[in-house]
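Q: dropping the sequence and predicted coords here.
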Amino acid sequence: METTSIGIRPGFLPEGTYWPCPEGITVQRINMLTQEVGKHILPCTLEQFEEGRRKARQGDLMQDAFPFLTPPDREFLISGIPPLQWAELFPLPLTFSQSSVEQILAELRPVMDELFGGTASRPLALDRLLEEVGRDFEPLLDDDQTKLQHWVQGWALQQGLILAE
């Protein structure tokens, strides 16, 4: 197996090796945290990789030099930290989709009914529910927290727990 040394700007992308494999390009790096040698397969062709390498050597940002790679793949090129370890160290911020919020709220419906009302004889205490949502998701940015509160209100309206204003 023939290997080629990666020498992109000293200190920017440490020395390593790469070679073609059936799944793309195997890259070998030293993990900056553990100092262990690790390998990672990048889903690209040798030509794509070498073009990205050329651009990085010329000073392009990694996301510009390797736009076809995912951020975790690019991080491996920079630091040698494999994607799974990177995800454990730096989890992505919590994001919500309408369907995931609906699923969460549907599972919590019995608890919500008990704590916050929502039956014909006991109207939903929406202000208390929104207060709890805000407390549970404090780390969210204000904009995300506002979106989540709107989704909760929309869900409660859709479920007939509150009346439209």
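A: Perfect, I can see it now. Numbers count the residues shown, from 1 in each chain.

Q: how about Ala56: what's its closest non-neighbour residue?
A: Closest residue in space to Ala56, ignoring its immediate chain neighbours: Ala65 at 4.1 Å, by Cβ to Cβ, 6 or more residues apart in numbering. In short, each C-beta sits where N, CA and C put it, glycine included.

Q: need the contact list for the one you found.
A: Going by Cβ atoms under 8 Å, 6 or more residues apart in numbering, Ala65 touches Gly52, Arg53, Lys55, Ala56.

Q: farthest-separated two in those?
A: Pairwise distances across the contacts of Ala65 (Cβ to Cβ) peak at 7.4 Å, for the pair Arg53 and Lys55.

Q: picking that back up, need phi/psi at the residue nearest to Ala56.
A: In terms of degrees, to the nearest 10, the main-chain angles of Ala65 are phi -70, psi -30.

Q: then the one 4 residues further on?
A: For Leu69, the backbone dihedrals (degrees, to the nearest 10) come out as phi -100, psi 160.

Q: near it, how many other residues are there?
A: A count of neighbours around Leu69, defined by other Cβ atoms under 10 Å, yields 21.

Q: and it, what's its pLDDT?
A: pLDDT for Leu69: 93.

Q: excluding its backbone neighbours, what's nearest it?
A: Nearest non-adjacent residue to Leu69, counting by Cβ to Cβ, 6+ apart: Leu42, 6.1 Å away.

Q: just checking, the one you found touches Arg74?
A: No: under the criterion of Cβ atoms under 8 Å, Leu42 makes no contact with Arg74, lying 9.2 Å away.

Q: those two - which one has more neighbours?
A: Leu42 (23 against 20).

Q: so where is this protein shaky, pLDDT-wise?
A: Applying pLDDT under 70 to the chain picks out residues 1-16, 92-101, 105, 108-109, 111-145, 155-165.

Q: now the helices for it?
A: Residue ranges of the helices in the chain, as given by DSSP state H, are 46-57, 62-65, 71-79, 83-89, 98-116, 126-136, 142-158.

Q: and Thr146, how many residues sit next to it?
A: 12.

Q: ah, wrong one, I meant Gln63
A: Residues lying near Gln63 (other Cβ under 10 Å) number 10.

Q: please apply the same query to Pro72.
A: Using other Cβ under 10 Å: Pro72 sits among 16 other residues.

Q: repeat for the one 5 residues further on
A: Each residue near Leu77 was counted by other Cβ under 10 Å, and the total is 26.
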